[in-house]
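# The following comprises the amino acid sequence and a computationally predicted model.
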Amino acid sequence: MTIEVTVMKLWGGRFAKTTDKLVEDFHSSISFDQRLYQQDIRGSIAHASMLAKVGVISQDEAGQIIKALEEILADIEAGKVEFEVGAEDIHMNIEKLLTERIGDVGKKLHTARSRNDQVALDVRMYLKEEIKEIIGLLVKLQETLLDVADDNKETIMPGYTHLQRAQPITLAHHLLAYFQMFQRDVDRLRDCYKRTNVMPLGSGALAGTTFPLDRHMVADSLGFAAITDNSLDGVSDRDFAIEFCAAGSLIMMHLSRFCEELILWSSGEFEFIEMDDAYSTGSSIMPQKKNPDVAELIRGKTGRVYGDLMALLTVMKSLPLAYNKDMQEDKEALFDAIDTVKKSLLVFAPMVATMKVKKEAMHRAARGGFTNATDVADYLAKKGVPFRQAHEIVGKLVLSCIREGRNLDDLSLEEYREISEVFGEDIFKAISVEECVRARNIPGGPAPEQVAEAIARGRKLIREN
Ligand code: ARG
């Protein structure tokens, strides 16, 4: 077997042989960590400035390094750079480009730094930006929900338990439930951001460094709120990535539940909504079909993000301190979770904004299924009948209605009075679906008044977000 000769490694000093080609491919991460190029370069610029400030390198050397790094950044952005698998990862690819351009001065950049703290820095910087972007997407979605809710404060629909019609609510009230879920997602991401916003450079390989670094200067220049407090933890902590994937899993779970409902609602059996043509697709064989593919795909992609979370938890579960190469596996899972959450949120909001609401069908469904049965019982209870007894009476009424294929609204006053003398003429008003909703006028309830206030609170929350 011949061993291919490869480029000289930046760490090649101690090695007598070159890396096997298979191993080189196997352990290289450049194919996926190249997306960290910006963070890597910004981090290196901050490191070089700081090295000069504390006198580890000269101002002139720092100047040369920074200028070359800026040029490399511009070249990468212009598509002029081809990364090398042989240079392993983004950190060494950029360092190699640097030394190719400015020679020995470039070799000073890595003083008092290890790829272990470098990669921890890059991933944190990257994730911070992405968290901010995802919070923005969530807020946009929340705005969409408030807008659609505003138009549907009086759009009556059945509320469900066990997917059986239960009590009438409004579409606005239903949408605001999701508003709350996404608000918790925003809060969770903010919380995760706090722990991501800590600067690990200076942890070195694991035990810090003998050079008198100014870690706070680096943290300030890169916009970090604090520095990591322990060098071992600084290089081996990936909690922030796991927390993000957990928060992302919840976002996807919320989207998936919503998608499931939209899929059901657009079926011929429900017919509560119609997706806009731009967010549906047809079938290659069945000409009549209009499928809610986008919603199905988001529901399906939820599994990917759960998988990313499990992958990260499993990678980390038995790692001794500090850095282990296993941790290189963090990036693909994290990036996949970020991409999937972003893409899903991006397409979901306009899909909801453009869907057509079929108010009549919702109203019809709300009138069926005895959704006002509780209200008949409440009516009796308000007139002094103990609730359990009222429940029993209405249960009997429902049973006879089911047998005769009728609704509670269709019964005559005589029929009501046959079962209880307490019923009066006002029963009919009390159990119209409109009244059932209007009467649930308590904080957190579906009455249009309450929902209008909830929408106002939501708008205020978003303004303050
Ligand atoms: N590519 C590596 C990673 O993503 C960078 C850190 C490598 N450190 C090391 N000692 N091999 O984790």
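Here it is on my side, so go on. Residues are numbered from 1 along each chain as shown.

# Buried residues, the longest helix along the chain. List them.
Assignment by DSSP state H gives helix 115-150 as the longest helix of the chain. Across helix 115-150, burial judged by 16 or more other Cβ atoms under 10 Å covers 115-128, 130-131, 134-135, 137-146, 148-150. Quick note: C-beta positions are derived from backbone N, CA and C, even for glycine.

# now, which of those residues lie close to the ligand?
Among these, the ones lying near the ligand by Cβ under 6 Å from any ligand atom are 115, 116, 119.

# which residues does the first one contact?
The contact partners of residue 115, by Cβ atoms under 8 Å, 6 or more residues apart in numbering, come to 89, 91, 92.

# what do you get for the second one?
By Cβ under 8 Å, 6+ apart, residue 116 lies in contact with 203, 204, 205, 206, 235, 322, 323.

# Distance of it relative to residue 25?
22 Å (Cβ to Cβ, to the nearest Å).

# Any idea how many residues pack against residue 452?
14 (other Cβ atoms under 10 Å).

# do residue 412 as well
When counting by other Cβ under 10 Å, one arrives at 9 neighbours for residue 412.

# Could you check the pLDDT of it?
Residue 412 carries a pLDDT score of 94 in this model.

# got it, and the one 4 residues further on?
Each residue has a pLDDT score; the one for residue 416 is 94.

# Helix or strand: which one has it?
According to DSSP states H and E, residue 416 maps onto helix 413-419.

# For the helix or strand following that helix, which outside residues touch it?
Going down the chain from helix 413-419, the next helix or strand is helix 427-430, by DSSP H and E. Helix 427-430 is contacted from outside by 375, 376, 379, 409, 413, 416, 435, 439, using Cβ under 8 Å, 6+ apart.

# Report the buried residues of helix 427-430.
Within helix 427-430, the residues that count as buried by 16+ other Cβ under 10 Å are 427, 428, 430.

# Return the nearest residue of the stretch 151-300 of the chain with respect to the ligand.
Here the stretch 151-300 of the chain gets closest to the ligand at one residue, residue 205, 7.0 Å apart by Cβ to the nearest ligand atom.

# can I assume that residue sits in a strand?
No. Going by DSSP: H, G, I helix; E, B strand; the rest coil, the assignment for residue 205 is coil, not a strand.

# who touches the residue of the stretch 201-350 of the chain found nearest the ligand in this structure?
In the stretch 201-350 of the chain, the residue that lies nearest the ligand is residue 328 (3.6 Å; Cβ to the nearest ligand atom). By Cβ under 8 Å, 6+ apart, residue 328 lies in contact with 27, 29, 89.

# With secondary structure, distance to the ligand and neighbour count added, can I get the residues you listed in JSON lines?
Below are the contacts of residue 328 laid out as JSON lines (DSSP: H, G, I helix; E, B strand; the rest coil; distance: Cβ to the nearest ligand atom, whole Å; neighbours: other Cβ atoms under 10 Å):
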{"residue": "27", "secondary structure": "helix", "distance to the ligand": "8", "neighbour count": "13"}
{"residue": "29", "secondary structure": "coil", "distance to the ligand": "4", "neighbour count": "19"}
{"residue": "89", "secondary structure": "coil", "distance to the ligand": "4", "neighbour count": "26"}
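
# Pick out whichever of these sits closest to residue 257.
Proximity of the contacts of residue 328 to residue 257 was ranked by Cβ to Cβ; the top entry is residue 29 with 35.3 Å.

# packing partners for the strand or helix carrying residue 186?
Taking DSSP H and E as the definition, one finds residue 186 inside helix 171-196. When contacts are defined as 3 or more Cβ pairs under 8 Å, 6 or more residues apart in numbering; DSSP states H and E, helix 171-196 sits against helix 115-150, strand 156-161, helix 239-265, helix 448-464.

# Indicate which one of those is closest to residue 304.
Counting by Cβ to Cβ, residue 304 lies closest to helix 239-265 out of the helices and strands packed on helix 171-196; the figure is 8.2 Å.

# Check which element follows that closest one along the chain.
Tracing the chain past helix 239-265, the next element assigned as helix or strand by DSSP H and E is strand 273-274.

# Which positions within whatever helix or strand comes next after that following strand qualify as buried?
Following strand 273-274 in sequence order, the next helix or strand is helix 293-316 (DSSP H and E). Neighbour-count burial for helix 293-316 flags 294-296, 298-299, 301-302, 304-309, 311-312, 315-316 (criterion: 16+ other Cβ under 10 Å).

# Which two among the contacts of helix 427-430 are spaced furthest apart?
413 and 439 (20.2 Å).

# Residues of the protein that sit close to the ligand?
Proximity of the chain to the ligand, by Cβ under 6 Å from any ligand atom, involves residues 29, 33, 89, 115, 116, 119, 323, 325, 327, 328.
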